[in-house]
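J.: sequence plus predicted model, see below.
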Amino acid sequence: LQTPRFVERFILEQTLVPAIADFGVDNTDLIDPTCGSGHFLLGAFKLLLANIREKHPLMEEREAAREALDRVFGIDINPYAVAIARFRL
């Protein structure tokens with residue numbers, strides 16, 4: 001069952017946004033221990049990418065995307081769900 005988008009946004013705003021504010025985007029990673037098809041990971045990636053681009057406006061788009069991807073981690077018991085999450089990211 002996919003988490004509704006408003007719940008995803010709420011959780012990320014209560015966890016990832018304060019972490020970025022406290023530690024800086026360059027020192028913030030996110031792990032989703034039950035990532036399923038990657039809904040939270042995708043939201044976290046977008047949030048991290050926006051913050052990386054804001055902090056490093058001269059960084060190449062591809063490099064910023066790679067930096068954001070390197071900061072999100074997900075695991076799941078279902079290998080098919082992990083394959084979908086990897087594809088989506």
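T.: Sure thing, it's come through. Residues are numbered from 1 along each chain as shown.

J.: from here on, just use CA atoms for contacts and neighbour counts.
T.: OK.

J.: buried ones in the longest helix that the chain contains?
T.: Taking DSSP state H as the criterion, the chain has its longest helix at helix 5-23. Buried residues in helix 5-23, counted by 16 or more other CA atoms under 10 Å: 8-9, 12, 16-17, 19-20.

J.: got those residues as TSV, with distance to Ile31 and pLDDT columns?
T.: Output for those, formatted as TSV (distance: CA to CA, whole Å; pLDDT from 0 to 100):
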residue	distance to Ile31	pLDDT
Glu8	14	91
Arg9	16	94
Leu12	12	95
Leu16	10	96
Val17	14	97
Ala19	13	97
Ile20	14	97
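
J.: from these, which single one is nearest Glu60?
T.: For these, the minimum distance to Glu60 (CA to CA) is 20.8 Å, reached by Ile20.

J.: show me the residues around the closest one that make contact.
T.: When contacts are counted by CA atoms under 8 Å, 6 or more residues apart in numbering, Ile20 touches 27-28.

J.: at 6 Å what do you get?
T.: Thr28 (CA atoms under 6 Å, 6 or more residues apart in numbering).

J.: what about it, distance to Arg86?
T.: 23 Å (CA to CA, to the nearest Å).
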